[in-house]
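Chemist: the following block contains a protein sequence and its predicted model.
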Amino acid sequence: MDTDICGLFILIAGLAFTIYGMNEVSQHLEKLTGSRIEKILKKVTKNPFKSIALGTGITVIMQSSSALASVLTGLVNSGVMELGQTIGLIMGSNIGTTFTLWITGLIPFDDNICFYVIGSVALAGIILKMFSSKDKLNDAGTILFSASILFAGIYFMTESFYMMKWGPIPSLLPLGKYTLNPGPLLSDPVQTVLKNPFLCILAGMIVTVLLQSSSVSIAALQALSLTGILPVESAIFLIVGQNIGTSLTSVISSHGASKNARRVSFIHLFFNLTGGLLTTAGVWAYVYIHSIDEDITANPLMIAVIHTAFNVLTSLILIPFSSRLEKLAVLFIKGKDETPDAENNLFIDDRLLETPSFALTECRSFAEKMAALSLDSYRDAFSIAGKFDSKTAEKVLQTEDLIDDYEDKLGTYLIKLSGCSLTKEDGALVSRLLHCIGDFERISDHAAGLVKIYREMNERKIRFSHAARIETEILQTAVADILEMSVNAFINNDADLARRVEPLEEVINGLRMELKNRHLRRLQQDKCTTELGFIFSDLLTNLERISDHCSNIAVCLIQLKDDKFDTHEYITNLKESDKDFQEMRFQYVEKYSLPD
């Protein structure tokens, strides 16, 4: 019994190594691809073959069909994707998850050569990590090193199964032939399960749900097959259970999502259930017509073949019924979908945090909407400066409330995201978004402040003098231009365009001071009232503050691009020694000159 306990602990260690290695490989492969995957996902068509190919490729990178199903659930729940777009991707994800098993199936874990493979992969990973300063090469090193941990985990599981089958092992390394008395763990309970198809399916489901990964559970199955006790028929039924188990994890993760998002998980489950039923029926039909030699046992490569064949054949059978799958999902999960309107509500699903690059792309998308809304809000406010329009004014105020909501929820989500594993570039993007969304929120506040000024003037039926109207229009035009530049620089991450903002911001500051001085002269000459003076001062303050926030956004873009962040030092150096700054400033002075 001591041998069985020792073997059990080695099995647990092997599982831990395998899970850790698989997760690290998946995480760093996903980091290397950045946000490119989601951009491709959003362009996916309803062509099932293209979707299957895409789903296969993405899952090869993510190394988990349930992880992709969770991402798709999050994207549908966020209103980014439609239910019908996910069907081919789900089929492809089941095929892509077999990739790692082909690699592990080709490594001879029962031979000394496996140590050369594990050692070589680990050494290559360590060299890349230690001697490379580039993030991508560092991630590649982590992937190789994690792969060696994954392979070592499978080796430990193989050793544990041998120990539990044959009893005490004189030497764990290397594996050899064992002729000692069989241990009870693999001689009785496991044999009972392996002889019962239903217990095999149930065992495959339970193990996969517990491990949260079909790749890890099937890797363990490959390790078990090396003991020579796993009949081919039992291996098939275990793989059926493991595939059903991985879709159950996505069903569990979809709890609390919208109806459409839960339908994504249902399609994933239905795919594997259909494949399982067809496979089970096919195996029993074959057994009925032919007899399977129980002496023929599965091996790691055979398991990879069976797993791939299961998913490929199921996909080929279900491709013609893609549209029916969507209808079946709607029929099974009844009711109107509750997916929020992505244009009017902020809703980034927390499930996307499992794949940070996907979550970051959504955050960037919402931040860009904030930027565009703040620009539209100012333009609308500017449009009612001459002739007040209550509908436009109300629109600006509603936009301000929406941007406030964006800033609050997006800021909270970005804080969560900053705690995830990110590349240097993604970390810089999180910093840029966190710095800038507050400025866009304040710009919308000042646009609303302008609307309130124009509404007050309309209600009290008062107007600025002709000279004041011309001067403020020039200032408002300059502010519109600096805001448009800042928004475009932010959306396109254009540091060169951002460098054109600060010279205009200084010109706007000069315009504000000149307009204030001219207003004081009009007051002294009784050409303006004190009442209008307060309103005029509030107007100038709002316009200057918008310009200041544009400067904040532009400086943030430039500083993060240069991997520095000292705003005061940057602006001081710019004004004192940058010839381009002085030239651009002169051009803006000419463009926004005030009449005499």
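Modeler: It's in.
Chemist: do you know how far the residue sitting furthest away from the middle of the chain is from N517?
Modeler: Most distant residue from the mean C-alpha position of the chain: Q525, 62.5 Å away (CA atoms, centre = their mean). For Q525, the distance to N517 equals 13 Å [CB to CB, to the nearest Å]. Heads up, the C-betas are built off the backbone N, CA and C, glycines and all.
Chemist: could you do T308 as well?
Modeler: Distance, T308 to N517, using CB to CB: 79 Å.
Chemist: the two: who's more crowded?
Modeler: More crowded of T308 and N517, by other CB atoms under 10 Å: T308, with 18 against 9.
Chemist: which strand or helix spans that one?
Modeler: Element membership for T308 (DSSP states H and E) is helix 300-318.
Chemist: measure how far that helix is from the centre of its chain, please.
Modeler: With CA atoms, centre = their mean, to the nearest Å as the basis, helix 300-318 stands 28 Å off its chain's centre.
Chemist: just give me the residue closest to the centre of this protein.
Modeler: Most central in the chain (CA atoms, centre = their mean) works out to F358, at 1.5 Å.
Chemist: state the pLDDT value of that residue.
Modeler: Looking at F358, its pLDDT stands at 79.
Chemist: same check on the one 5 residues further on?
Modeler: The predicted local distance difference test score for C363 is 89.
Chemist: would you agree it is in contact with I415?
Modeler: No: in terms of CB atoms under 8 Å, C363 does not count as a neighbour of I415; the distance is 10.9 Å.
Chemist: between the two, who's got more neighbours?
Modeler: For the pair C363 and I415, the greater number of neighbours falls to C363 (23 against 11), based on other CB under 10 Å.
Chemist: immediately after the helix or strand the residue nearest to the centre of the chain falls within, which helix or strand?
Modeler: Using DSSP H and E, F358 falls within helix 356-383. Per DSSP H and E, the first helix or strand lying C-terminal to helix 356-383 is helix 390-418.
Chemist: quick check on L230: phi, psi?
Modeler: phi -100, psi 100 (degrees, to the nearest 10).
Chemist: excluding chain neighbours, what is closest to it?
Modeler: The shortest distance from L230 to any non-neighbouring residue, by CB to CB, 6 or more residues apart in numbering, is to A298 (4.8 Å).
Chemist: tell me what the helix holding T308 is packed against?
Modeler: helix 86-96, helix 99-106, helix 214-225, helix 232-253, helix 259-289 (3 or more CB pairs under 8 Å, 6 or more residues apart in numbering; DSSP states H and E).
Chemist: buried ones in it, by neighbour count?
Modeler: By neighbour count with 16 or more other CB atoms under 10 Å, helix 300-318 contains the buried residues 300-308, 310-312, 314-315, 318.
Chemist: check the offset of stretch 459-468 from the chain's centre.
Modeler: Between the centre of stretch 459-468 and the centre of its host chain there is 52 Å, according to CA atoms, centre = their mean.
Chemist: tell me which residues in that stretch are buried?
Modeler: Those would be 464, 468, for stretch 459-468 by 16+ other CB under 10 Å.
Chemist: shift numbering so it begins at 318
Modeler: OK, 318 is where the count begins now, so the last one is stretch 776-785.
Chemist: could you measure from L454 over to L670?
Modeler: For L454, the distance to L670 - CB to CB - is 26 Å.
Chemist: burial of S463, as a residue count?
Modeler: With other CB under 10 Å as criterion, S463 counts 24.
Chemist: that one reaches L346, doesn't it?
Modeler: No: using CB under 8 Å as the test, S463 is too far from L346 to be in contact (9.6 Å).
Chemist: I'd like to check the angle between the helix or strand where K367 lies and helix 403-413, please.
Modeler: Assigned by DSSP H and E, K367 falls within helix 365-379. With axes from the mean of the first three to the mean of the last three CA atoms, to 10 degrees applied, the angle from helix 365-379 to helix 403-413 works out at 50 degrees.
Chemist: what separates the helix or strand following helix 365-379 from the chain centre, distance-wise?
Modeler: Later in the chain than helix 365-379, the nearest helix or strand by DSSP H and E is helix 382-394. Offset of helix 382-394 from its chain centre (CA atoms, centre = their mean): 10 Å.
Chemist: and the angle for helix 382-394 with helix 531-542?
Modeler: Relative orientation of helix 382-394 versus helix 531-542 (the same axes, to 10 degrees): 170 degrees.
Chemist: I'm done for today, thanks for sticking with me.
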